[in-house]
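S.K.: show me the folded form of this:
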Amino acid sequence: MNDRFNGSATGRCCGLVFLAAALLLLGLFLLLPAPHHLALAQGPTHGVLLLQTPTPTCRSYNDQAVAFTFCDAAHDDVADEYASPLKNVRTDGLIPPVILKAIGWYESSDSPRGGWTQCVNGVPYTSTDGCAWGLMQIRSGMNCDAPANQFNAETQQRVKYDYRYNIAMGAFMLKRWKWDEHQTAGHIIGDGDPRIAEHWYYAVWAYNEWSFKNSPNNTARNPCSNWPISPVGCAYQDTVWWWAAHPPTRGGRTLWAPVNLTCPDKSLFPRYSWQWDSWNWRIADPLPVHQDWCRNCLPLVLKNYPPCARPIQNGNFEARSAYWTLGGLTIISLNRPHGGSYSAWLGGYDNANDTLYQTITIPSTGPTGRPVVSARLTYYWYMTTEETSPSTDFDYLYVQIRGSPIRTVETLTNRSVKDTWAFSSFDVSEFIGQTVQVYFRATTEATLPTSFFVDDVGLYACEGG
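M.R.: Here you go, the predicted structure:
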């Protein structure tokens, strides 16, 4: 962090004394040899330590501090601690904490200390080629990247020496450079809800390298012959999944609660490298899925990701109108899907009164027979309008749960965020055990209509962790 010192003026004499002392110290510094890097003995694994100038120093940490930081980074609560000229590492979203914990352990697990390692004896941990740094093994933007792509010197130093910034940088890269890009490209699992841990499989794959090299079907490189007993020889993302379910123990304590994430069926991925570029990467949920409801995570022994029931059918509209009831002039359209080929289109003409709903029962018992303790409605929406008023709402999309009582969870208008897909999520636990309608209704006025698109609608009824 940047420290600020506010001092008052002393006299001209004192100022000259300070100036002379500073010049003397500068002269001595210039006579000293420049610092150099010295590689210590390299072990059989990918890690190596670099002996560097003792300033700056590695920020002290322990497993408890690292566990807290993973939770903070998962909820985008670290970026505000760091100001310019450091790179802004805000993720603008949520990452399931177990994903970050497992990546962090695996990335630095070859260090002499084991995983979750930023420094050893005050020396930043790096890869054998000296290019990837710290707990999250940050490589992009660092010293081996193309000069035009490198972070500034301050950012690179902070990545090396500050475990919190290192974790936040890894979270930023995973969310903004991997998750967001794959969502935009249509590489989506289920309905693309970031709260579902299994939906991050592609992003974790890409965190190491998005290529056939990491495919579970590349058996020459990833034989994965002893799964699930051991992840040795498995693809990168499958190894992260294994660590999520098999958390390490250090100092007599398990570092996080095991989360038995479900791997996708590898038959859904290309078998050969030549199929890669033309492959359809949109796949259904690998069931069961897991979701994190924890906002303030506990250190070390963290809340589990409970199994969730998903009562909504055809939430991505790929089966057109199946399971849904359409009213007015609502259509299932190829015009503007969030993922896949279809989305629901409401409005878009004058005096619209369009409806879309599905009747479901939010179960009180989850997939493993335990009580459901929480329920959450999620969906993506897109608004585009001919309205030009910056201050008046004319056209509306109402999103409701019609049970007992009827609850409007969100109202969108012609002044909402427009011309981009947005994600909404609301707790609807009050309706557990009820049969309800998940209900969308759009209305427009006589001129300058607004279109509302809805896609990837989900409802997660989750057991307690």
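
S.K.: any low-confidence regions in the stretch 251-400 of the chain?
M.R.: Along the stretch 251-400 of the chain, segments meeting pLDDT under 70 span 291-306.

S.K.: same thing but at 90, please
M.R.: Within the stretch 251-400 of the chain, the set of residues satisfying pLDDT under 90 comprises 251-253, 256-259, 289-309, 338-341, 366-370, 372-376, 378, 389-391.

S.K.: where do the helices sit along the stretch 151-300 of the chain?
M.R.: Assigned by DSSP state H, counting those that start in this stretch, the stretch 151-300 of the chain shows helices spanning 153-161, 163-172, 180-184, 201-208, 236-245.

S.K.: Leu397: which element?
M.R.: Element membership of Leu397 [criterion: DSSP states H and E] is strand 396-402.

S.K.: report all helices and strands that that strand contacts.
M.R.: Strand 396-402 sits against strand 372-385, strand 406-413, strand 435-443, with contacts defined as 3 or more CB pairs under 8 Å, 6 or more residues apart in numbering; DSSP states H and E. Every residue, glycine included, has its C-beta placed from N, CA and C.

S.K.: for Pro405, find the nearest of the helices of the stretch 151-300 of the chain.
M.R.: Nearest to Pro405 among the helices of the stretch 151-300 of the chain is helix 180-184 (34.2 Å), distances taken as CB to CB.

S.K.: can you lay out the helices and strands packed on strand 396-402 as JSON lines showing mean neighbour count and distance to Asp76?
M.R.: Converted to JSON lines, the helices and strands packed on strand 396-402 look like this (neighbours: other CB atoms under 10 Å; distance: least, CB to CB, whole Å):
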{"stretch": "strand 372-385", "mean neighbour count": "22", "distance to Asp76": "18"}
{"stretch": "strand 406-413", "mean neighbour count": "16", "distance to Asp76": "21"}
{"stretch": "strand 435-443", "mean neighbour count": "22", "distance to Asp76": "28"}
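
S.K.: out of those, flag the one nearest Pro258.
M.R.: The closest of these to Pro258 is strand 372-385. By CB to CB, the value is 19.2 Å.

S.K.: so what angle separates the directions of that closest one and strand 406-413?
M.R.: If you take axes from the mean of the first three to the mean of the last three CA atoms, to 10 degrees, strand 372-385 sits at 30 degrees to strand 406-413.

S.K.: only C-alpha atoms, please: export strand 372-385 in PDB.
M.R.: Written as PDB, here are the backbone C-alpha positions of strand 372-385 (Å, rounded to 0.1, in the frame of the first residue of the first chain):
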ATOM      1  CA  VAL A 372     -33.900 -27.200   1.500                       C
ATOM      2  CA  VAL A 373     -32.800 -24.100   3.400                       C
ATOM      3  CA  SER A 374     -32.400 -21.500   0.600                       C
ATOM      4  CA  ALA A 375     -33.800 -20.800  -2.900                       C
ATOM      5  CA  ARG A 376     -32.600 -18.300  -5.400                       C
ATOM      6  CA  LEU A 377     -34.000 -17.100  -8.800                       C
ATOM      7  CA  THR A 378     -31.500 -16.200 -11.500                       C
ATOM      8  CA  TYR A 379     -31.800 -15.000 -15.100                       C
ATOM      9  CA  TYR A 380     -30.200 -12.900 -17.800                       C
ATOM     10  CA  TRP A 381     -32.000 -10.000 -19.400                       C
ATOM     11  CA  TYR A 382     -31.400  -7.600 -22.300                       C
ATOM     12  CA  MET A 383     -33.200  -4.400 -23.000                       C
ATOM     13  CA  THR A 384     -33.200  -2.300 -26.100                       C
ATOM     14  CA  THR A 385     -35.500   0.700 -26.700                       C
END
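
S.K.: given it, what are its sheet partners and their directions?
M.R.: strand 422-427 (antiparallel), strand 450-463 (antiparallel) (DSSP bridges).

S.K.: next, the angle from that strand to strand 435-443.
M.R.: Interaxial angle, strand 372-385 versus strand 435-443 (the same axes, to 10 degrees): 10 degrees.

S.K.: by how many degrees do strand 372-385 and strand 396-402 diverge?
M.R.: Interaxial angle, strand 372-385 versus strand 396-402 (the same axes, to 10 degrees): 160 degrees.

S.K.: centre of the chain to strand 372-385, how far?
M.R.: On the basis of CA atoms, centre = their mean, to the nearest Å, strand 372-385 is displaced by 18 Å from the centre of the chain it belongs to.

S.K.: equivalent analysis for stretch 131-151, please.
M.R.: That offset, for stretch 131-151, works out to 20 Å (CA atoms, centre = their mean).

S.K.: that's a helix at Met136, yeah?
M.R.: No: counting by DSSP: H, G, I helix; E, B strand; the rest coil, Met136 is not part of a helix but coil.

S.K.: ok, the closest residue in space to it that isn't next to it in sequence - contacts?
M.R.: Among residues not flanking Met136 along the chain, Gly170 sits closest, at 3.0 Å (CB to CB, 6 or more residues apart in numbering). By CB atoms under 8 Å, 6 or more residues apart in numbering, the contact list for Gly170 reads Ala73, Leu100, Ile103, Gly104, Glu107, Leu135, Met136, Gln137, Ile138, Tyr207.

S.K.: want to throw those residues into TSV with neighbour count?
M.R.: TSV is the format used below for the contacts of Gly170 (neighbours: other CB atoms under 10 Å):
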residue	neighbour count
Ala73	29
Leu100	25
Ile103	30
Gly104	31
Glu107	26
Leu135	29
Met136	26
Gln137	24
Ile138	25
Tyr207	24
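
S.K.: report the two of those residues separated the most.
M.R.: Top of the distance list for those (CB to CB): Ala73 and Gln137, 15.1 Å.

S.K.: which one is Pro96 nearest to, not counting chain neighbours?
M.R.: Closest to Pro96 by CB to CB, 6+ apart is Ala197, at 4.2 Å.

S.K.: kindly format the C-alpha coordinates of the strand holding Leu397 as PDB.
M.R.: Taking C-alpha atoms only, strand 396-402 is exported to PDB below (Å, rounded to 0.1, in the frame of the first residue of the first chain):
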ATOM      1  CA  TYR A 396     -41.700  -2.100 -18.100                       C
ATOM      2  CA  LEU A 397     -40.700  -5.700 -17.500                       C
ATOM      3  CA  TYR A 398     -42.000  -7.000 -14.200                       C
ATOM      4  CA  VAL A 399     -40.300 -10.200 -12.800                       C
ATOM      5  CA  GLN A 400     -42.400 -11.900 -10.200                       C
ATOM      6  CA  ILE A 401     -42.800 -15.000  -8.100                       C
ATOM      7  CA  ARG A 402     -46.500 -15.600  -8.000                       C
END
